[in-house]
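Undergrad: Coordinates for the following, if possible.
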Amino acid sequence: MKFFPLQKGMLMKNPLQEHSPSPGESGVANLSRRTWMVAAASGAAFWALRRATLFDPQPVFAASTVTIVEFAASGQKTGKRILPRIIKSDAEWKRQLSPVAYEVTRRAGTERAYTGDTWNLHARGIYRCICCDTALFSSETKFESGTGWPSFWQPIARENVAVSGDYGLGMERDAVSCRRCDAHLGHVFNDGPPPTGLRYCMNSAAMHFVKLAP
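TA: The predicted model follows:
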């Protein structure tokens, strides 16, 4: 996945500064300005409401414990539990994880498309955090996005993931992380299928797949 910084000339001009009306056309300009401002305000309100469904009010790293939903080996939900956050030193994570898993989860890296071991996996099961084993996604919500990364239209439980703003690389995105250990998982986009219209684009290296028990 490659991202390119904005180059000179790529920034959009402000519509309100594109045209300086003459005295005889000030009424038209003011009407256009009001129309643009109303449209901009409506669009901002829509996306604010949309993002409110993604961002969970449970703050990341605001306390020593988190509330997550646990799932049995059969895939059945066993209920919510309050568990301690998992916080380890950088050296400890390096010892526990493979180099690619460390770069993705602890350094917010991105694996190359079509290189992960689960992007084309179709078995039934649960995708769990590679760092702390928290249940993150179910095969029931996995779909073929054509991107080369495992994609889901919703997490297995909203409580188990956190969404935060990512403003790196000259763009604004919504980063997804594990609620319990803050492992970076990937990003969520608004171009997914029904019923949510979301695409949780995850890294295979950030998760391990567990088949459902019979």
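
Undergrad: what domains does the record give for the chain?
TA: For the chain, automatic domain parsing gives the domain ranges 23-51, 60-211.

Undergrad: want to throw those into TSV with mean pLDDT and mean neighbour count?
TA: In short, each C-beta sits where N, CA and C put it, glycine included. Output for the domains of the chain, formatted as TSV (pLDDT from 0 to 100; neighbours: other Cβ atoms under 10 Å):
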stretch	mean pLDDT	mean neighbour count
domain 23-51	46	11
domain 60-211	94	17
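
Undergrad: for this structure, what spans make up the helices?
TA: 26-52, 90-96, 99-107 (DSSP state H).

Undergrad: got the CA positions of the shortest one in CSV?
TA: What it means is helix 90-96. Once non-C-alpha atoms are left out, helix 90-96 reads as follows in CSV (Å, rounded to 0.1, in the frame of the first residue of the first chain):
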residue,chain,number,x,y,z
ASP,A,90,9.5,-2.5,23.4
ALA,A,91,12.1,-5.2,24.1
GLU,A,92,9.4,-7.5,25.4
TRP,A,93,7.3,-7.1,22.3
LYS,A,94,10.3,-7.7,20.1
ARG,A,95,10.9,-11.0,21.9
GLN,A,96,7.3,-12.1,21.6
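
Undergrad: Show residues contacting that helix.
TA: 88, 102, 105, 106, 131 (Cβ atoms under 8 Å, 6 or more residues apart in numbering).

Undergrad: What of the last one?
TA: Helix 99-107 is contacted by residues 90, 93-94, 97, 109-111, 130-131, 178, 183-185, 203, 205-206 when judged by Cβ under 8 Å, 6+ apart.

Undergrad: thought residue 156 was touching residue 125?
TA: No. Counting by Cβ atoms under 8 Å, residue 156 stays clear of residue 125, with 10.9 Å between them.

Undergrad: Mutual contacts of the two, please.
TA: Common neighbours of residue 156 and residue 125, counting by Cβ under 8 Å, 6+ apart, are residue 138.

Undergrad: List the residues that contact the residue nearest to residue 204 when sequence neighbours are not counted.
TA: Excluding the flanking residues, the one nearest residue 204 by Cβ to Cβ, 6 or more residues apart in numbering is residue 116, at 2.4 Å. Contacts for residue 116 (Cβ under 8 Å, 6+ apart) come out as 148, 149, 150, 203, 204, 205.

Undergrad: I'd assumed residue 130 was in contact with the last one.
TA: Yes. Using Cβ under 8 Å, residue 205 is in contact with residue 130, at 6.9 Å.

Undergrad: ok, the contacts of residue 116 vs residue 189, which is closest?
TA: Among those, residue 149 lies closest to residue 189 (Cβ to Cβ), at 11.1 Å.
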